[in-house]
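**Student:** make a model of this:
(chains A and B)
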Number of protein chains: 2
Amino acid sequence: MSQRIGRYTLQLSTPVITGFAGVAGKKEGEGPLGEYFDKVFEDTKLGQKSWEAAESALLTSAVTTAITKAGISSDKIDMIFVGDLLNQSIASTFGVKDLAVPHIGLFGACSTMALSLCLAGVFVDAGSADCAVAATSSHFCSTERQFRFPLEYGGKRTPTSQWTVTGSGAAVVEAKGDGVKINAVTFGKIMDYDIKDANNMGAAMAPAACDTLKRFFEDTDSRPEDYDLILTGDLGKVGADLLCQLLEREGYVLGENYNDCGLMIFDLKQQQVDAGGSGCGCSGAVLCSLILNEMLKGKYKKVLFVGTGALMSPTSTQQGQAIPAVAHLVMLTA
Amino acid sequence: MSQRIGRYTLQLSTPVITGFAGVAGKKEGEGPLGEYFDKVFEDTKLGQKSWEAAESALLTSAVTTAITKAGISSDKIDMIFVGDLLNQSIASTFGVKDLAVPHIGLFGACSTMALSLCLAGVFVDAGSADCAVAATSSHFCSTERQFRFPLEYGGKRTPTSQWTVTGSGAAVVEAKGDGVKINAVTFGKIMDYDIKDANNMGAAMAPAACDTLKRFFEDTDSRPEDYDLILTGDLGKVGADLLCQLLEREGYVLGENYNDCGLMIFDLKQQQVDAGGSGCGCSGAVLCSLILNEMLKGKYKKVLFVGTGALMSPTSTQQGQAIPAVAHLVMLTA
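**Tutor:** Below is the predicted model of the structure:
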């Protein structure tokens, strides 16, 4: 049963990530983390008829691989917490419907991996679930045409723009077993700094990451240097720099132990992705491959994973609204 | 702390709905429930520049009214569970961002009032929150142009189609206080009966309602006649009839104690809404006005509220996909 620490943080005692999987597309497979993914799909459509169906297939692959690695059968799963970036979350719906498990649909934009892990952790800790799955996905092609331009148009990219990752991450959270533990969670508040440039999500999301980290540090009376890794996902280059500046104003200096999934998944210059990666699948695939594996190997013992999401739509942007953002934090321990 | 009953149902002991509000638009105000809403907005745009912003204003109105009626200040709220039908849930984001409380975004389509109440109930019961808000909204004009046709086009409606409600519902759930109790919750599985007619959501959603009710009856060893009211939201006329048929095959007969929010909110013939109301705001506004008030007055003691949602998008429909659906159940007691 979760214990409140301070005003906003819930300390959990039992939840363990017993299985996890990160899968990715061709471009991601050619990046620095290529060898760490459970699967790399060379075919951008994964044999499907549409990019949306391809994204669902990515999610199915991550979820079923995570379940297999946890050594459970799907009838043991009490519920799945899942969401994505597509309108009405169709990647999730069609990606997990055949699992036939209770379905809790989320919308947290690119923060969904963290949000789903937070909820799965709280449910398992409370005894409301013995086994819950947290998962998310994104696909460059389904996202690009929904949020920006038809791919065929070849829209120009700005230096602050981020490249949506074709990928998916999934984690099985159980009350017992071996694995990385979910130690604490802090849910994000919506922050709106009146950023209106839809090609600069990093700037829109950095204040949310700052606010959540600050509240977590205050609640737990801890500091950045107490953690082996502080990992945001996905602020990219612009947002990561801004986060460091914003936190410094609050008295917290992020050092060598800070990184961002959007900066890790691609070689920014060589792969021409401007400010870095983004999309729900970016932090999902990075956390559920490299990071959790390195934690199991002992490289990191205490990790703060902070998922950030920009809560806008093309409609809100076209109507002149700013881009509010949210960031959810999960503390993981090995 | 929640107790598992059977395979799928969580029995809760502490959560109380200490404040609630249902607000609606002009057409809904002219319907049979007009006098029960906390507010009826005669101006379809609520003084905003767009229908999307109007929907956000509806949600803000419901949430702030519910908070006021609960007699709390917003800094007491631990988190809000909220979602809507618009792409990337922009009605929710812009409707609650100024509250500045931790934000858990949901996507459950028209099941969102039930889904958000389920989660708020579990969190409060587990001690993970002392005070949580559950809320949702929909707006005829923002929904119609997103899912169907531009309003100006004057698209023909089919007899099985439902009319999206302009409305919003919000409930404050606390660990202590007077009010209706959240007694049990059952999360829905996605059901896909291969219904492909986007103008017949009732048929797509009825199997999900049937599945969740059946699992709840089995888990709790109870029968339909044990409840004063079984309320779905929103199957409309076609879906409600189908649910009765489907449940009868499973050995459960729904009688006079069964109703559907989509059938209650409008006078179907006089208001020309074909098969009835729909949209997240339909079950939200009906539950959080008439139903909870009647429970407080003692008319109903045991109510099963089953929110149903069609998990499709125009893209999935245009790509030839069927319409999967989900239904979440909340048992309420006075």
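
**Student:** what about the helices in the stretch 101-250 of chain A?
**Tutor:** Along the stretch 101-250 of chain A, the stretches classed as helices by DSSP state H, counting those that start in this stretch are A:112-125, A:140-147, A:201-220, A:236-249.

**Student:** can I get those in JSON lines with mean pLDDT and distance to chain B?
**Tutor:** Just so you know, the C-beta spots here come from the backbone N, C-alpha and C atoms, and that holds for glycine as well. Output for these, formatted as JSON lines (pLDDT from 0 to 100; distance: least, C-beta to the nearest C-beta, whole Å):
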{"stretch": "helix A:112-125", "mean pLDDT": "98", "distance to chain B": "5"}
{"stretch": "helix A:140-147", "mean pLDDT": "94", "distance to chain B": "8"}
{"stretch": "helix A:201-220", "mean pLDDT": "97", "distance to chain B": "9"}
{"stretch": "helix A:236-249", "mean pLDDT": "98", "distance to chain B": "17"}
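
**Student:** for residue A:263, which of these is the nearest?
**Tutor:** helix A:236-249 (6.3 Å; C-beta to C-beta).

**Student:** next secondary structure after the closest one?
**Tutor:** Downstream of helix A:236-249, the next assigned helix or strand under DSSP states H and E is strand A:258-260.

**Student:** just checking: what are the partner strands of that next one?
**Tutor:** strand A:229-233 (parallel) (DSSP bridges).

**Student:** who touches the strand it pairs with?
**Tutor:** By C-beta atoms under 8 Å, 6 or more residues apart in numbering or on different chains, the residues outside strand A:229-233 that reach it are A:110, A:113-114, A:209, A:213, A:224, A:239-240, A:243, A:254, A:257-262, A:282-283, A:286-287, A:291, A:300, A:302-308, A:327.

**Student:** wait, residue A:8 sits on residue A:186?
**Tutor:** Yes - if you go by C-beta atoms under 8 Å, residue A:8 and residue A:186 touch, sitting 5.3 Å apart.

**Student:** give me the common contacts of the two.
**Tutor:** Between them, residue A:8 and residue A:186 share the contacting residues A:215-216, A:219, B:102, judged by C-beta under 8 Å, 6+ apart.

**Student:** turn the residues you listed into a markdown table, including neighbour count and distance to residue B:197.
**Tutor:** Putting the shared contacts of residue A:8 and residue A:186 into a markdown table (neighbours: other C-beta atoms under 10 Å in any protein chain shown; distance: C-beta to C-beta, whole Å) gives the following:
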| residue | neighbour count | distance to residue B:197 |
| --- | --- | --- |
| A:215 | 20 | 47 |
| A:216 | 21 | 48 |
| A:219 | 18 | 50 |
| B:102 | 22 | 39 |
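
**Student:** so which of those is the closest to residue B:31?
**Tutor:** Relative to residue B:31, and with distances defined as C-beta to C-beta, the nearest of the shared contacts of residue A:8 and residue A:186 is residue B:102, at 35.1 Å.

**Student:** correct me, but the closest one touches residue A:185?
**Tutor:** No - if you go by C-beta under 8 Å, residue B:102 and residue A:185 don't touch, sitting 10.2 Å apart.

**Student:** redo the shared contacts of residue A:8 and residue A:186 as CSV? Include distance to residue A:315.
**Tutor:** Output for these, formatted as CSV (distance: C-beta to C-beta, whole Å):
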residue, distance to residue A:315
A:215, 31
A:216, 33
A:219, 36
B:102, 25
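
**Student:** what residues does the stretch 51-200 of chain A put near chain B?
**Tutor:** A:52-53, A:79, A:83, A:85-90, A:92-94, A:96-97, A:100-109, A:115, A:119, A:122-123, A:125-128, A:146, A:186-190, A:192 (C-beta under 8 Å from any C-beta of the partner chain).

**Student:** give me the low-pLDDT residue ranges for the stretch 1-150 of chain A?
**Tutor:** For the stretch 1-150 of chain A, applying pLDDT under 70 flags the ranges A:1.

**Student:** which residues in it form strands?
**Tutor:** A:3-5, A:9-11, A:16-25, A:39-41, A:79-84, A:103-105, A:131-138 (DSSP state E, counting those that start in this stretch).

**Student:** tell me which of these sits most buried.
**Tutor:** strand A:131-138 (a mean of 32; mean count of other C-beta atoms under 10 Å in any protein chain shown).

**Student:** now the angle from it to strand A:79-84?
**Tutor:** 10 degrees (axes from the mean of the first three to the mean of the last three C-alpha atoms, to 10 degrees).

**Student:** tell me the confidence at residue A:288?
**Tutor:** pLDDT for residue A:288: 98.

**Student:** before we move on, the earlier item: indicate which one of the strands of the stretch 1-150 of chain A is closest to residue B:31.
**Tutor:** Taking the strands of the stretch 1-150 of chain A one by one with C-beta to C-beta, strand A:103-105 is closest: 28.9 Å.

**Student:** the closest one pairs with which strands?
**Tutor:** Strand pairing (DSSP bridges) places strand A:103-105 next to strand A:79-84 (parallel).

**Student:** which residues does the strand it pairs with contact?
**Tutor:** A:55, A:59, A:63, A:89-92, A:95-96, A:99, A:101-108, A:112, A:115-116, A:119-120, A:123, A:129, A:132-138, A:280, B:105, B:107, B:187.

**Student:** can you check stretch A:241-258 too?
**Tutor:** A:202-203, A:206-207, A:209-210, A:213-214, A:217, A:223-225, A:227-232, A:235, A:240.

**Student:** one more pass at 10 Å, please.
**Tutor:** A:193, A:200, A:202-211, A:213-214, A:217-218, A:223-232, A:235-236, A:239-240, A:260, A:275, A:300, A:302-304, A:306, A:308, A:327 (C-beta atoms under 10 Å, 6 or more residues apart in numbering or on different chains).

**Student:** please report how far residue A:316 lies from residue B:138.
**Tutor:** 17 Å (C-beta to C-beta, to the nearest Å).

**Student:** I misspoke; the intended subject was residue A:139.
**Tutor:** Per C-beta to C-beta, residue A:139 is found 28 Å from residue B:138.

**Student:** next: residue A:154.
**Tutor:** 37 Å.

**Student:** over to residue A:132?
**Tutor:** Residue A:132 is 29 Å from residue B:138, where distance means C-beta to C-beta.

**Student:** now do residue A:268
**Tutor:** Distance of residue A:268 to residue B:138, given as C-beta to C-beta: 41 Å.

**Student:** neighbours around the residue nearest to residue A:225 when sequence neighbours are not counted, how many?
**Tutor:** Using C-beta to C-beta, 6 or more residues apart in numbering or on different chains and skipping the chain neighbours, the partner closest in space to residue A:225 is residue A:255 (6.8 Å). Counted with other C-beta atoms under 10 Å in any protein chain shown, the neighbours of residue A:255 add up to 9.

**Student:** same check, this time on residue A:185
**Tutor:** 28.

**Student:** what's the neighbour count on the closest residue to residue A:238 other than its chain neighbours?
**Tutor:** Leaving aside its chain neighbours, residue A:238 sits nearest to residue A:202 (3.8 Å; criterion: C-beta to C-beta, 6+ apart). Residue A:202 has 31 neighbours, counted by other C-beta under 10 Å.

**Student:** quick one on the thing from earlier: could I get the strands of the stretch 1-150 of chain A in a markdown table, plus columns for distance to residue B:166?
**Tutor:** Formatted as a markdown table, the strands of the stretch 1-150 of chain A follow (distance: least, C-beta to C-beta, whole Å):
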| stretch | distance to residue B:166 |
| --- | --- |
| strand A:3-5 | 38 |
| strand A:9-11 | 36 |
| strand A:16-25 | 41 |
| strand A:39-41 | 43 |
| strand A:79-84 | 26 |
| strand A:103-105 | 23 |
| strand A:131-138 | 31 |
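
**Student:** just the buried residues of the contacts of stretch A:241-258.
**Tutor:** A:193, A:200, A:202-211, A:213-214, A:217, A:224, A:227-232, A:235-236, A:239-240, A:260, A:275, A:300, A:302-304, A:306, A:308, A:327 (16 or more other C-beta atoms under 10 Å in any protein chain shown).

**Student:** next up, the contacts around the residue nearest to residue A:26 when sequence neighbours are not counted.
**Tutor:** Nearest residue to residue A:26, sequence neighbours excluded (C-beta to C-beta, 6+ apart): residue A:42, at 5.2 Å. Shown in contact with residue A:42 (C-beta under 10 Å, 6+ apart): A:25-26, A:29.
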